[in-house]
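1. what follows is a predicted protein model with its sequence.
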Amino acid sequence: MDKGRTVLEVGADGVAIITIINPPVNSLSFDVFRSLKETFDEANEREDVKAIVVTGAKGKFSGGFDINAFGIMQKGVVEKTSPGLVSVDLLTDTIEGGRKPSVAAIDGLALGGGLELAMACNARISTPVAQLGLPELQLGVIPGGGGTQRLPRLVGLAKALEMMLTSKAIKGDEAHSLGLVDALVSRENLLDTARQWALDIVDRRRPWVASLYKTDKIEPLGEAREILKFARTQAKKRAPNLNHPLVCIDVIEDGIVAGPRAGLWKELEAFEALVASDTCKSLIHIFFSQRGTSKVPGVTDRGLVPRQVKKVGILGGGLMGSGIATALILSNYPVILKEVNEKFLEAGVNRVKANLQSRVKKGKMTEEKFGKTIALLKGTLDYESFKDVDLVIEAVIENVSLKQQIFTELEKYCPPHCILASNTSTIDLNLIGKKTKSEDRIIGAHFFSPAHVMPLLEIVRTKQTSPQIIVDLLDIGRKIRKTPVVVGNCTGFAVNRVFFPYAQAALFLVEHGADVYQIDKAITKFGMPMGPFRLVDLVGFGVGIATGMQFIENFPERTYKSMLLSLMQEDKRSGEAAHKGFYLYDDRRRANPDPEVKNYIEKSRSISGVTVDPKLVKLSEKDIIEMIFFPVVNEACRVLDEGIAVKAADLDIATVFGMGFPPYRGGLVFWADSLGSKYIYSRLAEWSKLYGDFFNPSAYLAARAAKGIPLSASVEQAQSRL
Ligand SMILES: C[C@H](O)CC(=O)SCCNC(=O)CCNC(=O)[C@H](O)C(C)(C)COP(=O)(O)OP(=O)(O)OC[C@H]1O[C@@H](n2cnc3c(N)ncnc32)[C@H](O)[C@@H]1OP(=O)(O)O
């Protein structure tokens, strides 16, 4: 079956309108490219056609190259059209160099290959709200349809580099002021203006421009080299593990030095090599997995329609509650924030104000918008105004009996349709709802701190939570621009539970002789935003110890028991907030190693009765990474085995968006599969013999390793092979 097409319609004015049709985003599949070639050839040949306008169906120009086709290319399947033919033969020779002028009429999206197609046209007309960008780097590749050559020639090198290296799209009005589009019009006038523009080019009333050969915007060689040098330094700093941003800069430079046509060929060569890279495979996995988290079997396939949420109640104005309130009012939800006394309430409201003010300071929000947004927040000390809320999110301290009391009160004061959510990060939701008769509408809405910034929303369902409530919360998650992941109920849910061994393994290693700062360095070099010790400092030892207790209670056989955090906390070294933990913090919150930490480690070692193991003192970076992450992978296996996560890809997304696992490694399980279940099992088995049950491989890992089955294979897939 064909994946997309274009249609050609010739008007009485002699303008051929070529429309791309490939829902939902008019992506450019091989079939669309083949069809574009046919319709452009036809339009160029037909006597009754004077000029050409290309546009996308249903208000979307094009979301770019069909990302599914990367998979086809990676498998080495030869397709009907190769991207090489697209960039030179189709875009450059047929469209840009065609016998008749072409104009792109852009509404909605012109991203990646979509913008490249538009740039190959001889002019571009856009709506002010259309989004134009080259986000290819986000997928581990560079633009492959001439984008590296045409964009710098249309908007100048510095802006083009910024757009490509950040993958951020710009709106039509900015594109107009930069010269990327030639005119801005309303949606209603888009096609008529584009038609007239095309005819004006024919009649020489407007210039017939080939962007590839424009010279007025591109900087002279010396200046260009300086800009490129700066961009290289920035790219290396921002993503030291990534090569493709540097390849992108090289290809741009090649085009400036050797000319744009040579640049096109360089671009193609680099594009094809990058498509086969592990980085590209990982980032494409992340792209589709992120969109897959909101497809929950047995829940989102029932045809349920999310109910409208008009008003939200939040209990607790602490760090989490105020962050959640901020996220909601930023998406225009009216919020009632409840606290226990005036002082706490004022502090909570002030936190929300401060969150918004920081956006104003950064220029992301106007004073006027600040006023409108904060007006959506109302404070209260009682439940009076909860009688018409559609959703409540409880965000008080982690205390079971307090939460139980709150939920019985909520049941009394909130309407019967209201979603009753808790932001607990560890407590069993069945316990929280135990004293109510509303267990079917109780759900976990676990945000990550700071809640208005961190992108993940862990939605926790119990066996009783109704599918409608899950569908409602998924919808709210999407509206507040979070990536939701639906998981089952257990201690720590998916993210905290999977990542618990991260700090545990680190504590094990230092008690056995490894160095705190070397561990953090190896882990940040791997691509985590911070190592386990820096993370414990950030979270605070109080939370670290309390979470540890939960795990000791629930998974005693595999918790590594260390006194190190308690010893340090006793000495008021409780993390970044106290200005000292594993690091010392200066006034600018810069973390500096502290030789004194050694004394605490020695004390803790003697309490645990552990001796230094010479093998663990001088570990290679690879060993550090494996000894920290394989226990994390092992726990992920248990979480999959118990059905807490429905699919491995959900854990990949949860680890990337909740813990900052490097997306270019594809998420935790994807990365583990790149190493192989057999290898991970053999390492853990070896360590469990040497160092005890903390490293004991799980049954799920053992079974998959025995048959060489990937950890990400679904239970059904695995069963058919076991
Ligand atoms: C040769 C060239 O230089 C190479 C390229 O062009 S690489 C591709 C460059 N393009 C991109 O990176 C754009 C990627 N897409 C996006 O950023 C966003 O999807 C978007 C801004 C287009 C739309 O966002 P939004 O409205 O939130 O919808 P979103 O849920 O993301 O996507 C809707 C559907 O379209 C699909 N889709 C989006 N872009 C796609 C693409 N380029 N190819 C294939 N499918 C795509 C999504 O997978 C999703 O499918 P689903 O409904 O089955 O899950």
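-> Done, it's in.
2. so how far is Leu190 from Ser27?
-> The gap separating Ser27 from Leu190 is 20 Å, by C-beta to C-beta, to the nearest Å. (Each C-beta comes from the backbone N, C-alpha and C, glycine too.)
3. ok, those two, which is more surrounded?
-> Neighbour comparison, Ser27 and Leu190: the larger count goes to Ser27, with 26 against 23 (by other C-beta atoms under 10 Å).
4. so for the more buried one, what's the pLDDT?
-> If you check Ser27, the pLDDT there is 98.
5. quick check: it touching Phe61?
-> No. Using C-beta atoms under 8 Å, Ser27 makes no contact with Phe61, being 11.1 Å away.
6. what pLDDT is listed against Ser720?
-> For Ser720, pLDDT reads 65.
7. now Val78
-> Looking at Val78, its pLDDT is 52.
8. for the helix or strand containing Leu565, give the mean pLDDT please.
-> For Leu565, the element it lies in under DSSP states H and E is helix 564-570. What helix 564-570 shows for mean pLDDT is 96.
9. what does that helix contact?
-> 507, 510-511, 536, 541-542, 544-545, 548, 574, 581-582, 597, 600-601, 603-604, 607 (C-beta atoms under 8 Å, 6 or more residues apart in numbering).
10. show the buried residues in these.
-> Those of the contacts of helix 564-570 that meet the buried threshold are 507, 510-511, 536, 541, 544, 548, 574, 581-582, 597, 600-601, 604, by 16 or more other C-beta atoms under 10 Å.
11. hmm, which two among the residues you listed are most spread apart?
-> Based on C-beta to C-beta, the longest span within the buried ones among the contacts of helix 564-570 runs between Glu511 and Ser574 and measures 19.3 Å.
12. who's in contact with Thr436?
-> Contacts of Thr436 were listed using C-beta under 8 Å, 6+ apart, and they are 407-408, 410-411, 420, 442.
13. same thing but at 10 Å, please
-> 404, 407-412, 420, 442 (C-beta atoms under 10 Å, 6 or more residues apart in numbering).
14. try Lys37
-> Applying C-beta under 10 Å, 6+ apart to Lys37 gives the contacts 6, 81, 85-86, 89-91, 94-95.
15. how about the residues of the stretch 51-200 of the chain near the ligand?
-> For the stretch 51-200 of the chain, the contact set with the ligand under C-beta under 6 Å from any ligand atom comprises 63-68, 83, 109, 111-113, 116, 135-136, 139, 143-145, 147.
16. in strands, which of the contacts of helix 564-570 fall?
-> Using DSSP state E to define strands, no part of the contacts of helix 564-570 is located there.
17. where in the stretch 601-722 of the chain is pLDDT low?
-> Along the stretch 601-722 of the chain, segments meeting pLDDT under 70 span 718-722.
18. what's the local residue count around the residue in the chain that the ligand sits nearest to?
-> Minimum separation of the chain from the ligand (C-beta to the nearest ligand atom) falls at Gly112, amounting to 2.4 Å. Other residues near Gly112 come to 28 when the count uses other C-beta under 10 Å.
19. Pro135 now?
-> 19.
20. so what's the nearest residue to it once chain neighbours are set aside up against?
-> Of all residues beyond its chain neighbours, the one nearest Pro135 is Ser167 (3.9 Å), with distances taken as C-beta to C-beta, 6 or more residues apart in numbering. By C-beta under 10 Å, 6+ apart, the contact set of Ser167 is 111-112, 133-139, 245.
21. out of the residues you listed, which one sits closest to Lys295?
-> Nearest to Lys295 among the contacts of Ser167, with distances taken as C-beta to C-beta, is Leu139, at 20.6 Å.
22. related to what we said a few turns ago, how close does the residue nearest to Pro135 get to Pro663?
-> Counting by C-beta to C-beta, the gap from Ser167 to Pro663 is 12 Å.
23. which neighbours do the two have in common?
-> Taking C-beta under 10 Å, 6+ apart as the contact rule, Ser167 and Pro663 both touch Gln138.
24. so what's the residue lying closest to Thr366 once chain neighbours are set aside up against?
-> Among residues not flanking Thr366 along the chain, Val360 sits closest, at 7.4 Å (C-beta to C-beta, 6+ apart). Going by C-beta under 10 Å, 6+ apart, Val360 touches 366-367, 369-370.
25. which pLDDT value does the model give Val360?
-> 96.
26. any idea where the strands of the stretch 401-550 of the chain begin and end?
-> For the stretch 401-550 of the chain, the strands defined by DSSP state E, counting those that start in this stretch cover 419-422, 442-447, 456-461, 483-488.
27. partner residues bridging Leu457?
-> Beta-bridge partners recorded for Leu457 (DSSP bridges): Phe447, Pro484.
28. what sits against it?
-> 293, 324, 327, 444-448, 451, 473-474, 476-478, 480-486, 657-658.
29. give the buried subset of those as a ChimeraX selection command.
-> Typed into ChimeraX, the next command selects the buried ones out of the contacts of Leu457 (criterion: 16+ other C-beta under 10 Å):
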select :293,324,327,444,445,446,447,448,451,473,474,476,477,480,482,483,484,485,486,657,658
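30. which ones among the contacts of Leu457 also lie next to the ligand?
-> Okay, of these, nothing touches the ligand (C-beta under 6 Å from any ligand atom).
31. now list the buried members of the contacts of Thr436.
-> Buried among these by 16+ other C-beta under 10 Å: 404, 407, 410-411, 420, 442.
32. could you tell me which residues of the stretch 201-350 of the chain lie near the ligand?
-> Arg291.
33. what do you get if the cut-off is 8 Å, keeping everything else the same?
-> For the stretch 201-350 of the chain, the contact set with the ligand under C-beta under 8 Å from any ligand atom comprises 271, 287-288, 291-292, 295.
34. out of the residues you listed, who's the most crowded?
-> Most surrounded of these: other C-beta under 10 Å gives Phe271, at 27 neighbours.
35. so which helix or strand takes in that one?
-> Judged by DSSP H and E, Phe271 forms part of helix 260-275.
36. give the other helices and strands that that helix contacts.
-> helix 68-74, helix 83-84, helix 147-155, helix 244-258, helix 278-292 (3 or more C-beta pairs under 10 Å, 6 or more residues apart in numbering; DSSP states H and E).
37. if we can go back for a sec, the buried ones among the contacts of Thr436: which two are farthest apart?
-> Gln404 and Leu420 (12.3 Å).
38. mutual contacts of the two, please.
-> Contact criterion C-beta under 10 Å, 6+ apart; residues shared by Gln404 and Leu420: 432-433, 436.
39. and which of these is nearest Pro631?
-> Of those, the one sitting nearest to Pro631 (C-beta to C-beta) turns out to be Ile432, at 28.7 Å.
40. out of the contacts of Lys37, which one has the lowest pLDDT?
-> Ranked by pLDDT, the contacts of Lys37 bottom out at Thr81, which has 49.
41. how about the helices in the stretch 601-722 of the chain?
-> With DSSP state H, counting those that start in this stretch as the criterion, the stretch 601-722 of the chain has helices at 614-617, 621-641, 648-659, 668-675, 677-691, 699-707, 715-721.
42. looking at those helices, which is buried most?
-> Stretch with highest mean neighbour count among the helices of the stretch 601-722 of the chain: helix 648-659 (a mean of 26; mean count of other C-beta atoms under 10 Å).
43. quick one, it and strand 483-488 angle?
-> Here helix 648-659 points in a direction 120 degrees away from that of strand 483-488 (axes from the mean of the first three to the mean of the last three C-alpha atoms, to 10 degrees).
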